[in-house]
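Novice: below are the sequence and a predicted model for it; my questions follow.
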Amino acid sequence: MKIAMIGSGYVGLVSGACFADFGHSVVCVDKAVAKIEALERGEIPIYEPGLDALVAENVKAGRLSFTTELAGAVAAADMVFIAVGTPSRRGDGHADLSYVYAAAREIALAVTGFTVVVTKSTVPVGTGDEVERIIRETNPAADVAVVSNPEFLREGAAIGDFKKPDRIVVGLEDERAREPMVEVYRPLYLNASPIVFTSRRSSELIKYAANAFLAMKITFINEIADLCEEVGADVQAVSRGIGLDNRIGSKFLHAGPGYGGSCFPKDTLALVKTAQDHGSAVRLIETTVAINDQRKRAMARKVIAACGGDARGKVVAVLGLTFKPRTDDMREAPSLSIIQALQDAGAKVVAHDPVGMEAAKPLLDDAVSYAESPYEAAAGADALVLVTEWDQFRALDFARLKAAMRAPVLVDLRNVYSPDEVARHGFTYEGVGRAATA
Ligand code: NAD
């Protein structure tokens with residue numbers, strides 16, 4: 001298959017490299033000239049484990065290339081994937097579809113012969129209809145089938161997720177697209193990853209419903225964690241006790257500082273807006289969004305309480321800035337709101353992240369300073385706050401930390417440590433949904 005991948009970000013670049021690895025011929029297109037120039041020099045513009053080697057191998061094998069010229073790539077392609085961003089639209093929270101529609105217009109003018117146009121970006125119900133309408137209006141002679149094929153990969157584990165998905169969802173209205181969709185995913189199909197064929201609208205909604213459900217699951221355990229703190233229970237035990245029930249499942253039951261990232265916040269909001277527009281409110285999701293919004297500042301209040309109730313003049317060391325480990329993605333990271341709230345309360349923040357500091361700097365106040373290691377961050381600190389559970393933070397040397405800090409206080413927003421173990425080192429420990437130890 002000859003594939004043009006429009007948009008070479010977290011999803012487009014990983015998908016393009018994996019399709020090339022399956023043996024297809026892939027051209028990754030992006031408007032961002034610096035991104036394409038970096039890729040052509042062999043540099044990967046994002047941090048994603050294993051992606052550098054996968055890209056290098058497939059470029060070397062002649063199956064993967066990069067360009068800023070959409071028209072040439074589309075003209076030569078049997079299949080065109082749209083993997084551009086769909087951020088929250090400023091002001092109203094609807095998905096901003098301007099990048100998708102702009103790509104559709106450009107694709108319409110460039111296609112030759114029968115071409116399958118596949119929307120991989122996360123888009124609201126009905127977007128496929130509009131993409132098809134735009135293509136037909138822009139170029140009535142274009143012979144296209146417009147398909148929905150949402151992506152479920154997770155940053156930090158993206159290649160594994162793409163190559164071993166729980167399922168592949170394909171929504172189509174034109175039967176001519178079925179065979180090419182099977183063909184492009186054939187290596188996965190042979191590995192028994194099920195393909196769910198459905199209508200385009202159902203496919204579009206599957207993606208939002210899946211993300212909203214996961215966001216709701218996280219928010220559920222976060223509220224149970226708050227209750228645990230009030231009644232003297234331990235959310236880790238509650239989570240394990242309910243997660244072993246197969247009907248519930250143990251994943252996404254980790255209490256923490258609230259969900260963030262480039263998908264859950266914008267996708268839950270977009271689903272709420274779509275549902276309201278159709279007069280069919282999704283109240284569970286509306287509440288999930290509201291609870292999660294409040295949670296991040298609540299985490300800052302937890303830190304302030306651990307500092308003795310007043311953070312003015314205190315130094316707080318923050319470990320982990322990215323929204324989760326093994327990515328450099330800072331979009332909607334809980335650290336952003338937590339740090340802002342700590343600064344609002346008069347604290348001085350020193351931050352460390354293994355890969356996210358460069359991406360974080362433009363998003364954080366200039367008063368934040370950065371350290372090269374957890375121990376440098378902890379020097380003179382009144383509290384250490386673990387915000388993102390990078391592996392590097394899972395075996396900290398508490399004796400060294402204690403010697404460096406002004407006060408031995410650990411606020412563990414990911415419940416990485418056992419309270420007793422930390423207390424043995426002479427630390428005051430505050431987790432999420434667990435009894436505090438002093
Ligand atoms: P991203 O911002 O990393 O990448 C999007 C890229 O598209 C950018 O590099 C941008 O320059 C490029 N672009 C925009 N308009 C273009 C055009 N007309 N022509 C060529 N390039 C263009 O975004 P992402 O994180 O890869 O997300 C892409 C889509 O996938 C979104 O809809 C997102 O919701 C969805 N998604 C993301 C993830 C994830 O983990 N990041 C997972 C599943 C689905």
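Specialist: In hand now; what should we look at? Everything quoted here is computed from the prediction, not taken from an experiment.

Novice: show me what the helix or strand harbouring residue 292 is packed against.
Specialist: Assessed by DSSP states H and E, residue 292 sits inside helix 283-306. Secondary structure elements in contact with helix 283-306, counted by 3 or more CB pairs under 8 Å, 6 or more residues apart in numbering; DSSP states H and E, are helix 200-231, helix 264-277, helix 334-344, strand 383-386, strand 409-412, strand 428-430. C-beta coordinates here come from the backbone N, C-alpha and C atoms, glycine included.

Novice: reformat these as a markdown table; add mean pLDDT and mean neighbour count.
Specialist: Shown next, in a markdown table, are the helices and strands packed on helix 283-306 (pLDDT from 0 to 100; neighbours: other CB atoms under 10 Å):
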| stretch | mean pLDDT | mean neighbour count |
| --- | --- | --- |
| helix 200-231 | 98 | 19 |
| helix 264-277 | 97 | 21 |
| helix 334-344 | 98 | 22 |
| strand 383-386 | 98 | 27 |
| strand 409-412 | 98 | 26 |
| strand 428-430 | 97 | 22 |
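
Novice: make JSON lines out of those and add distance to the ligand.
Specialist: JSON lines is the format used below for those (distance: least, CB to the nearest ligand atom, whole Å):
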{"stretch": "helix 200-231", "distance to the ligand": "7"}
{"stretch": "helix 264-277", "distance to the ligand": "7"}
{"stretch": "helix 334-344", "distance to the ligand": "16"}
{"stretch": "strand 383-386", "distance to the ligand": "23"}
{"stretch": "strand 409-412", "distance to the ligand": "26"}
{"stretch": "strand 428-430", "distance to the ligand": "30"}
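
Novice: still on that earlier bit, neighbouring strands for the helix or strand that the helix holding residue 292 is followed by, and are they parallel or not?
Specialist: Per DSSP H and E, helix 283-306 leads on to strand 315-319 as the next helix or strand towards the C-terminus. Partner strands for strand 315-319, per DSSP bridges, with pairing direction: strand 348-352 (parallel), strand 383-386 (parallel).

Novice: check which residues of stretch 132-139 are buried.
Specialist: The neighbour-count check on stretch 132-139 (16 or more other CB atoms under 10 Å) flags 132, 134-135, 139 as buried.

Novice: near the ligand at all, that stretch?
Specialist: No - using CB under 6 Å from any ligand atom, stretch 132-139 stays clear of the ligand, with a minimum separation of 12.6 Å.

Novice: returning to what we had before: of all the helices and strands packed on helix 283-306, which lies closest to residue 243?
Specialist: For residue 243, the closest of the helices and strands packed on helix 283-306 is helix 200-231, at 9.1 Å, according to CB to CB.

Novice: next helix or strand past the closest one?
Specialist: Counting by DSSP H and E, the next helix or strand C-terminal to helix 200-231 is helix 235-243.

Novice: what helices and strands are in contact with that next one?
Specialist: Applying 3+ CB pairs under 8 Å, 6+ apart, we find helix 235-243 packed against helix 200-231.

Novice: need the residues of the protein near the ligand, please.
Specialist: Residues of the chain found near the ligand (CB under 6 Å from any ligand atom) are 6-12, 29-32, 35, 70, 83-86, 99, 102-103, 121-122, 151, 153, 155, 262-263.

Novice: returning to that earlier point: what comes up buried for the helix holding residue 292?
Specialist: For helix 283-306, by 16+ other CB under 10 Å, it's 285-286, 288-289, 291-292, 295-300, 302-304, 306.

Novice: now stretch 238-245
Specialist: Under the neighbour-count rule (16+ other CB under 10 Å), stretch 238-245 has 238-239, 242-243 buried.

Novice: can you list the helices and strands packed on helix 283-306 in a markdown table and add distance to residue 397?
Specialist: As requested, the helices and strands packed on helix 283-306 are exported to a markdown table (distance: least, CB to CB, whole Å):
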| stretch | distance to residue 397 |
| --- | --- |
| helix 200-231 | 28 |
| helix 264-277 | 34 |
| helix 334-344 | 23 |
| strand 383-386 | 12 |
| strand 409-412 | 13 |
| strand 428-430 | 16 |
